[in-house]
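In: Just need the structure, nothing else, for what follows:
(chains A, B and C)
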Amino acid sequence: MAKITLNDLRHSYMPNPEKPADYALKRLDLEWKDGGAYALLGPSGCGKTTLLNIISGLLIPSHGQVLFGEQDVTRLPTDARNIAQVFQFPVVYDTMTVYDNLAFPLRNRGVPEAQVDQRVRTIAEMTDLTGMLKQRASGLTADGKQKISLGRGLVRENVNAIMFDEPLTVIDPHLKWLLRSKLKELHQKLGTTMIYVTHDQTEALTFADQVVVMKDGEVVQSGTPIELFEKPQHTFVGHFIGSPGMNIMPCTVSGGKVRVGESLIEVGNARVLYNFEGTFELGVRPEFTSFAASGLPVKVAKVTDTGRNKIVDTRLGDLSIKLLVENGAAIPSEGAHLAFDTAHSQVYDNGWLVD
Amino acid sequence: MNKTVNQKAWFFVLPVVILVAFNALIPLMTVVNYSMQETFGDNTFFWSGVRWFEQILQSDRFWASLGRQLFFTFTILFIEVPLGVAIALTMPKKGPWVSVCLVLMALPLLIPWNVVGAMWNIFALPDIGLLGKLLNSIGFDYNYTRQTGDAWFTLILMDVWHWTSLVVLLAYAGLVSIPDAYYQAALIDGASKWKIFRFIQLPKMKRVLTIAILLRFMDSFNIYTEPVVLTGGGPGNSTTLLSIDLVKIALGQFDLGPAAAMSLIYFLIILLTSWIFYTLMMRNEEQ
Amino acid sequence: MRVSKWLVPTLYILFLMLPIYWLVSMSFKTTNEILGGFSLFPQNFTTENYVKIFTDPTWYWGYINSLAYVSLNTIISVAAALPAAYAFSRYRFLGDKHLFFWLLTNRMAPAAVFALPFLQLYSSIGLFDSYLAVALAHTLFNVPLAVWILEGFMSGVPKELDETAYVDGHSFFGFFFKIFLPTIAAGIGVAIFFCFMFSWVELLLAKTLTSVEAKPIAAVMTRTSSTSGYELGLLAAAGSLTIIPGAIVIWFVRNYIAKGFALGRV
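Out: Numbering: from 1, shown residues only, chains lettered A, B, ... in the order given. Prediction:
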């Protein structure tokens, strides 16, 4: 067990990368504490699987270092890194029984059979596989097979980290929820560092203490779920996390004052704006947007009922601005105005939060 | 896939059934007919019952041919299957050279069988052939037209040359269908090369390998043209396989009755073994 | 590591190429040089053998005949196999499993067993010595193979495709020709390849069912040893030429060869 440090990490699949676009992974510096639950979140192709493969040793990065504790493991082969990984599609050894599948990583490392047996039974208990230990792995359903993969990941004691590469992709929705809470529970029980890769924000936010959001091979923000929600460092984070995503409006800044159209808006990061002049973006989450007597004049275009509350889609010219309204609250049909929660309204420059 | 029951589907298979029935059933009936009659070459036939069958089954000649056939079939299976798998395992999975490799490997499969025979006939000649000359120059007394052992060696080498690529192609197809995650998981689980082969590659290749063995088994039983052109069944009768013997009796001596009876016995052997294979395979697949 | 990766395949391909090299190199030698002694490369390089083949009608007609019946057979086999494979992949019907196995048994039928009955059958219906006779005879083993390969590819196409097409108002034939066949184009390519291959390499039946008009190249080749003594150079040239059509066909389907058999259900 050790903390994981990623030092100036870069990777390109091309032999001679030149421009930034040639890199699947651009400059990356991260530090992960021992025993934490981390999530790597981002759309497909953002480089998160590349990063995972670099950590597990399936790929050697073109540049930079991976440290486990103080040890540089960048060029160490996978089996010498003492890590475990669960893949997107269940990987089981078809010809073996469930028991032998779970025992496989231990037996390969020459663990005495008595200890193997004890460990396999403990893990089987945790992953609800006890009843199927004698069955052939090939006969199981997709979620059963994924539980075996999971079990194989957990079975070795003292691994540096367990990594999950979108492990719930092939699982039915109602079982997804069960397996997700199971994972969280296992993390609390075992205290092993877990790194969870996904493109699903719900999975990332419910599992992790710390979420790393990636886009085009770059980390756009790393923080707790609350930080990502309340203070997105990049409009991408604001848009990608939350449902519906953050409203982004063009705004003008002049003399420390922010205007959308003609309306003056109070923003949370106003004090750093004094020497900014020109056109920028204003980001406010629908959760922090409300109807008011005066403010930004908009037209109500559409109302969607989600059950718990209503999503109101309003228009400022062609621009859509969404807000959340409690059930039963009045929705003005004519002459609506919007107000924004000052602490949660921020100005972004070229996508990045002005800070 | 769940299929719907539809008896009208028979109309779809009808062209195939007619075509194959015409080619298979009528000749088969002719063979059955001959096998139970006796002719003296003037188009008059006499009923002879199962006499030809008894005669064939009691003749040393038939059992000798069958013995040679089985020896041939099992020898080439024991060489071609492991060799083919081994070569497929060493093939890189990606890259521009892979398809060039595959095309070159498939080349022997596309050469007409008599050309294969002729090619090896010349290639192995001790005085003017590359192989024959080479073996003699490094001290072997090699002459496949005179020495039985050399004839067998050449026959088997030719078949290995001709058909191993089929096993390679099939095994390779099985191997590339294994997702990368399996190899990565095995690395993480600390599996050795042997364990990767035993628990990942071999199980995934099982189906294609069964097909390979089945095809090689059937085709090696049917082999005729290549050995006839290569050795003509000689020296003496030493490389006379089952189908060579059959054609010798039927077309050479025009003994239609015994030839037909032998054809049927021969066909039954293939059918029975294939059926056993087929049912075993289906049972495996249902598991 | 880089070198050893290619070592085994390279050695194997060398082994495969040696006899072929010997054949091709011999085709550029004179018969005298071949019989005169051993030489690794042609000493008196000559194209005489090829000139002879391309100018003598019995020789080049042999090629035309072979290509004619092989093409005819490929068309018949694949055309008949398409609807049947569709039926096997989509429907359950009385005796379907047995029928499938029966079809496959014909793939196992030894040509030697059928040579003589075939001769009588095709003589009696007046097709002896025609392209059609050989093409039909070869369907015995090619149709089952084509059904087998195509069925494998068709089973890989989800049934929803059929249903969506019907919902969209396509007739069965409209769907089959305009949507379904393009979807399994790769499978048809593989089936064509294997039909071509097995019809091209087969000799026993082709030789038995022809005499003059439809005589295949392979049968013309056997003549060199009997009538005009041992014309080894000519034989080698003719043999080298028979490799070319196969090589061309395989180049076209190179990306699918491996897949072809693997997808077939047995």
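In: Give me the neighbour count for C:Thr74.
Out: 26 (other C-beta atoms under 10 Å in any protein chain shown). Quick note: C-beta positions are derived from backbone N, CA and C, even for glycine.
In: Name the SS class of B:Tyr172, please.
Out: Here B:Tyr172 is helix, with the state taken from DSSP: H, G, I helix; E, B strand; the rest coil.
In: So what's the residue count around the residue nearest to it when sequence neighbours are not counted?
Out: Leaving out its chain neighbours, the residue that sits closest to B:Tyr172 by C-beta to C-beta, 6 or more residues apart in numbering or on different chains is B:Ala88, at 4.2 Å. Using other C-beta under 10 Å, B:Ala88 has 25 neighbouring residues.
In: separation between B:Ala88 and chain A?
Out: B:Ala88 sits 19 Å away from chain A, taking C-beta to the nearest C-beta, to the nearest Å as the criterion.
In: Contacts only, for the residue of the stretch 1-150 of chain B found nearest chain C.
Out: Nearest to chain C in the stretch 1-150 of chain B, going by C-beta to the nearest C-beta, is B:Leu110, at a distance of 2.7 Å. B:Leu110 sits next to C:Met197, C:Trp200, C:Val201, C:Ile243, C:Pro245, C:Gly246, C:Ala247, C:Val249, C:Ile250 when contact means C-beta atoms under 8 Å, 6 or more residues apart in numbering or on different chains.
In: among those residues, which are in helices?
Out: C:Met197, C:Trp200, C:Val201, C:Ile243, C:Pro245, C:Gly246, C:Ala247, C:Val249, C:Ile250 (DSSP state H).
In: shouldn't the fifth one be in contact with C:Trp200?
Out: What that stands for is C:Pro245. Yes - counting by C-beta atoms under 8 Å, C:Trp200 is a contact partner of C:Pro245 at 6.6 Å.
In: And the residue nearest to A:Asp72 when sequence neighbours are not counted, how far from B:Met205?
Out: Nearest residue to A:Asp72, sequence neighbours excluded (C-beta to C-beta, 6+ apart): A:Gln65, at 5.6 Å. Applying C-beta to C-beta, to the nearest Å, the value for A:Gln65 to B:Met205 is 39 Å.
In: higher neighbour count, these two?
Out: Legend: neighbour count by other C-beta under 10 Å for A:Gln65 and B:Met205, higher for B:Met205 (24 against 14).
In: The residue of chain C found nearest chain B: what's it in contact with?
Out: Nearest residue of chain C to chain B: C:Gly246, at 2.7 Å (C-beta to the nearest C-beta). Neighbouring residues of C:Gly246 by C-beta under 8 Å, 6+ apart: B:Leu107, B:Leu109, B:Leu110, B:Ile111, C:Phe196, C:Met197, C:Trp200, C:Val201.
In: tell me the pLDDT at it?
Out: What the model reports as pLDDT for C:Gly246 is 84.
In: interface residues of chain A facing chain B?
Out: Counting by C-beta under 8 Å from any C-beta of the partner chain, chain A comes close to chain B at A:53, A:56-58, A:77-79, A:83-85, A:87-89, A:91, A:93-96, A:104-105, A:108-109, A:138-139, A:149, A:152.
In: So which of those belong to strands?
Out: Taking DSSP state E as the definition of strands, the residues of chain A next to chain B contribute A:Ile83, A:Ala84, A:Gln85.
In: Need phi/psi at the closest residue to the last one other than its chain neighbours.
Out: Excluding its sequence neighbours, the residue lying closest to A:Gln85 (C-beta to C-beta, 6+ apart) is A:Met163, at 4.5 Å. Listed backbone geometry of A:Met163 is phi -110, psi 140, with angles given as degrees, to the nearest 10.
In: Mind pulling up the pLDDT for the closest residue to chain A within the stretch 51-200 of chain C?
Out: For the stretch 51-200 of chain C and chain A, the shortest gap (C-beta to the nearest C-beta) falls at C:Pro158, measuring 17.0 Å. If you check C:Pro158, the pLDDT there is 81.
In: Please apply the same query to B:Thr44.
Out: pLDDT at B:Thr44 comes out at 61.
In: can you give me the helices for chain B?
Out: B:9-35, B:51-58, B:60-90, B:96-106, B:113-123, B:130-137, B:148-176, B:180-188, B:193-196, B:202-222, B:225-230, B:242-247, B:256-286.
In: Adding mean pLDDT as columns, could you present these in a markdown table?
Out: A markdown table is the format used below for those (pLDDT from 0 to 100):
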| stretch | mean pLDDT |
| --- | --- |
| helix B:9-35 | 83 |
| helix B:51-58 | 77 |
| helix B:60-90 | 90 |
| helix B:96-106 | 82 |
| helix B:113-123 | 86 |
| helix B:130-137 | 83 |
| helix B:148-176 | 88 |
| helix B:180-188 | 87 |
| helix B:193-196 | 89 |
| helix B:202-222 | 82 |
| helix B:225-230 | 82 |
| helix B:242-247 | 80 |
| helix B:256-286 | 77 |
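In: Out of the ones you listed, which gets nearest to A:Ser181?
Out: With C-beta to C-beta as the criterion, A:Ser181 lies closest to helix B:180-188 of the helices of chain B, at 24.5 Å.
In: what's the angle from the closest one to helix B:202-222?
Out: 120 degrees (axes from the mean of the first three to the mean of the last three C-alpha atoms, to 10 degrees).
In: could you check whether helix B:180-188 is close to chain A?
Out: Yes - counting by C-beta under 8 Å from any C-beta, contacts between helix B:180-188 and chain A involve B:Ala181, B:Tyr182, B:Gln184, B:Ala185, B:Leu187, B:Ile188.
In: which helices and strands does that helix pack with?
Out: helix A:48-56, strand A:83-86, helix B:193-196 (3 or more C-beta pairs under 8 Å, 6 or more residues apart in numbering or on different chains; DSSP states H and E).
In: For those, state which one has the densest average packing.
Out: Compared across the helices and strands packed on helix B:180-188, strand A:83-86 shows the largest average neighbour count, a mean of 26 (mean count of other C-beta atoms under 10 Å in any protein chain shown).
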